[in-house]
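Trainee: Got a predicted structure here, sequence first:
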Amino acid sequence: MTIDPLSADLRRLEEIVRALEGDDVDLDQALTLFEEGVSRLRTAQERLTEAEARVERVLEDAAGVLKLTQFDA
């Protein structure tokens, strides 16, 4: 069983948040976790943007007319 990259990123982001909320993280470790979190968040946002674009293309009908449907984020 494989875990998709977006799910893995979101799971890791949750772990990072829990660690940063804890009392046992020193400043250097907190900064490292924060940097990792920002990187994973950017990657997840890029994947979501790509997925939205793919869904919009799927909604295009046979005549080539795009039926744009807004996503609820």
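Mentor: In hand now; what should we look at?
Trainee: So for the strand or helix carrying residue 51, what gets flagged as buried?
Mentor: Under the criterion of DSSP states H and E, residue 51 resides in helix 27-58. With burial defined by 16 or more other C-beta atoms under 10 Å, the residues of helix 27-58 counted as buried are 33, 37, 40, 44. Backbone N, C-alpha and C define where each C-beta goes, glycine included.
Trainee: how many neighbours does residue 9 have?
Mentor: A count of nearby residues for residue 9, using other C-beta atoms under 10 Å, gives 19.
Trainee: so it is in which element?
Mentor: For residue 9, the host element (DSSP H and E) is helix 5-21.
Trainee: Not counting its neighbours along the chain, what's nearest the most centrally placed residue in the chain?
Mentor: Central residue check for the chain by C-alpha atoms, centre = their mean: the C-alpha nearest the mean position is that of residue 44, 2.2 Å away. Of all residues not flanking residue 44 in the chain, residue 9 sits nearest, at 4.7 Å (C-beta to C-beta, 6 or more residues apart in numbering).
Trainee: Residue 5 now?
Mentor: Excluding the flanking residues, the one nearest residue 5 by C-beta to C-beta, 6+ apart is residue 47, at 7.1 Å.
Trainee: measure the one you found to residue 32 for me?
Mentor: Distance, residue 47 to residue 32, by C-beta to C-beta, to the nearest Å: 23 Å.
Trainee: before we move on, what about residue 48?
Mentor: Per C-beta to C-beta, residue 48 is found 25 Å from residue 32.
Trainee: Over to residue 57?
Mentor: According to C-beta to C-beta, residue 57 and residue 32 sit 38 Å apart.
Trainee: Appreciated, that's everything.
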